[in-house]
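A.B. asks: What follows is a predicted protein model with its sequence.
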Amino acid sequence: MDSSAWDRFDYKAIPRFSGYAERGESLFREFCRIGITNVREFWNAGSPYDALLLRTIPATRMFHKVPRWLSTTLTHLQMAKVGLDLGAEHMLLMEDDVRFLRDIGTLEEVVRTLPEDFDLAMFDYFPSGKAEKDPSFAPSLAGRQVPGAPLWSRGGVARFRSAACYALSRKGAKRYVELLEGAARGAWKMRICDQFLGRMMVEEDLRTYYAYPNAAIQALFERSNTGPGWIRDTYASLGIDRSLYQSYPWEVSA
């Protein structure tokens, strides 16, 4: 894949949560395969949000038993804020277990045809619990495909989840930071970052899109923050064939 296809994102970043060598090695093999370059890394240790994290966990009833969720959210907040500070107009944010389509030609078309006016674009997503149980959910996705960009559909139908790979405009990033900072500082009940992305998908003043079918998914690892079984079952709810996406020797088979 021509790396210039990804150059429309002038800022690209990943958080590294686990520190497991196999995850990092396979991730950068994946970036080489698809042509992603100039990626910034962010580690939880030493984050400028560490003090905020320590203050917030005891006061956040929902998260005091699972601080990793809050840590994940704050790391995504950090990525978006740094992108804004650097003056980025369009940013691509990824987690360290993201995997893209094996078919390089299709993936390049997905990137190339992303509408120019996007504020939030989800390369990877799965539905919220309520949407997942709605039998009309999948047909509604296909029915909102964008003319001239058939691999993209408009947001606003249902809430989505996942933060494995998504893109933000400067306007979208400002809104994202506003939501995450407000929650982290206790302005409202804390949620994990992917739920804020789902909330943004239905906001009328944001131009939101999602790749349909998914252009990316999360890899499966035995040493997974969430658990490989849960990730596998979640994508299965969308009928996703994992063989269509790249995998590496360290991953659990689908």
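C.D. replies: It's in.

A.B. asks: Give me the buried stretch members for stretch 206-217, please.
C.D. replies: 206-217 (16 or more other Cβ atoms under 10 Å). C-beta coordinates here come from the backbone N, C-alpha and C atoms, glycine included.

A.B. asks: centre of the chain versus that stretch, how much separation?
C.D. replies: From the chain centre to the centre of stretch 206-217 is a distance of 10 Å (Cα atoms, centre = their mean, to the nearest Å).

A.B. asks: least trustworthy helix or strand in the chain by mean pLDDT?
C.D. replies: Every helix and strand of the chain was ranked by mean pLDDT, DSSP states H and E. The lowest is helix 50-59, at a mean of 57.

A.B. asks: any idea of the mean pLDDT in whatever helix or strand comes next after it?
C.D. replies: Note on helix 50-59: by DSSP states H and E, the next helix or strand toward the C-terminus is helix 67-85. For helix 67-85, the mean per-residue pLDDT is 80.

A.B. asks: try stretch 245-254
C.D. replies: Here the average pLDDT along stretch 245-254 is 83.

A.B. asks: Next, the buried residues of that stretch.
C.D. replies: 245-247, 250-251.

A.B. asks: repeat for stretch 102-122
C.D. replies: Using 16+ other Cβ under 10 Å as the test for burial, stretch 102-122 gives 104, 107-111, 114, 118-122.

A.B. asks: residue boundaries of the strands in the protein?
C.D. replies: Per DSSP state E, the chain carries strands over the ranges 11-16, 39-43, 90-94, 98-100, 120-122, 126-127, 145-146, 149-154, 160-161, 165-169, 208-211, 216-218.

A.B. asks: Of those, give the one that comes closest to E178.
C.D. replies: strand 165-169 (12.3 Å; Cβ to Cβ).

A.B. asks: Report the distance from the closest one to the chain centre.
C.D. replies: Chain-centre distance of strand 165-169: 7 Å, with Cα atoms, centre = their mean.

A.B. asks: Please apply the same query to stretch 87-104.
C.D. replies: On Cα atoms, centre = their mean, the centre of stretch 87-104 falls 8 Å from the chain's centre.

A.B. asks: any idea which residue sits dead centre in the protein?
C.D. replies: Centroid check for the chain by Cα atoms, centre = their mean gives A163 as the closest residue, at 2.5 Å.

A.B. asks: what about that residue, distance to V98?
C.D. replies: Computed as Cβ to Cβ, to the nearest Å, the A163 to V98 distance reads 10 Å.

A.B. asks: Now for the residue lying closest to L84 once chain neighbours are set aside: which residues touch it?
C.D. replies: Distances taken as Cβ to Cβ, 6 or more residues apart in numbering place A173 nearest to L84, at 5.4 Å, with adjacent residues excluded. Counting by Cβ atoms under 8 Å, 6 or more residues apart in numbering, A173 touches 80, 83-84, 88, 91.
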